[in-house]
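*Asks:* Structure for the following, please:
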Amino acid sequence: MTRNEDTGIELGILLGLGFQLLVGEFTRRLDEVGYGDLRPAHGMAFQALKGPGATATELAERLGVTKQAAGQLVDDLEKRGYVRREPHPEGGRRKLVVLTRAANEHLAVAGGILHELEAELGAHVDLPTLRRELTGLLGALNGEGDLPPLRPVWH
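*Replies:* The predicted structure follows:
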């Protein structure tokens, strides 16, 4: 298949395959540098918890998963040392889930890998044009509102 060839493949399939291949290579490279214990869903949770953190319920909403699934994810990440539970600043029984230094280090490494991948792809594809076109596509699909979060599940 040449770069400008119209393959006749449906747009949704092309977008899905592109995402699948990019995430697969990203995950492989993370594994090479010692983060083989983390999957893409963990990285999405890290993104959802960046900054002040969130309750497990808020994490569930941001990821589009059940409260039980979010609780299990938090338990797992806490055991691995990537998150910790702290008292909620507003008091009560709620706990705030925050990223640890290990999670922030992972995010820095992951960000570097993503930038490397983009630079490599830029040798084959006009990335500024691709970004503009994809942004236009997202606007056409989503309208004027804020973009929804990228969730680790299919609906």
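*Asks:* and residue 151, what is it in contact with?
*Replies:* For residue 151, the contact set (CB atoms under 8 Å, 6 or more residues apart in numbering) comprises 44, 63, 64, 65. Backbone N, C-alpha and C define where each C-beta goes, glycine included.
*Asks:* And it, how close does it get to residue 35?
*Replies:* Here the criterion is CB to CB, to the nearest Å. By it, residue 151 lies 21 Å from residue 35.
*Asks:* would you list every one of the strands in this structure?
*Replies:* Under the criterion DSSP state E, the chain carries strands at the ranges 83-87, 95-99.
*Asks:* buried sites along the last one?
*Replies:* Same thing as strand 95-99. Neighbour-count burial for strand 95-99 flags 96, 97, 98, 99 (criterion: 16 or more other CB atoms under 10 Å).
*Asks:* quick one: average confidence on stretch 22-38?
*Replies:* Mean pLDDT, stretch 22-38: 93.
*Asks:* which of the residues in that stretch are buried?
*Replies:* Buried-residue list, stretch 22-38, by 16+ other CB under 10 Å: 26, 27, 29, 30, 35, 38.
*Asks:* my read: the fourth one touches residue 110, true?
*Replies:* Yes - taking CB atoms under 8 Å as the contact criterion, residue 30 and residue 110 are neighbours in contact, 6.3 Å apart.
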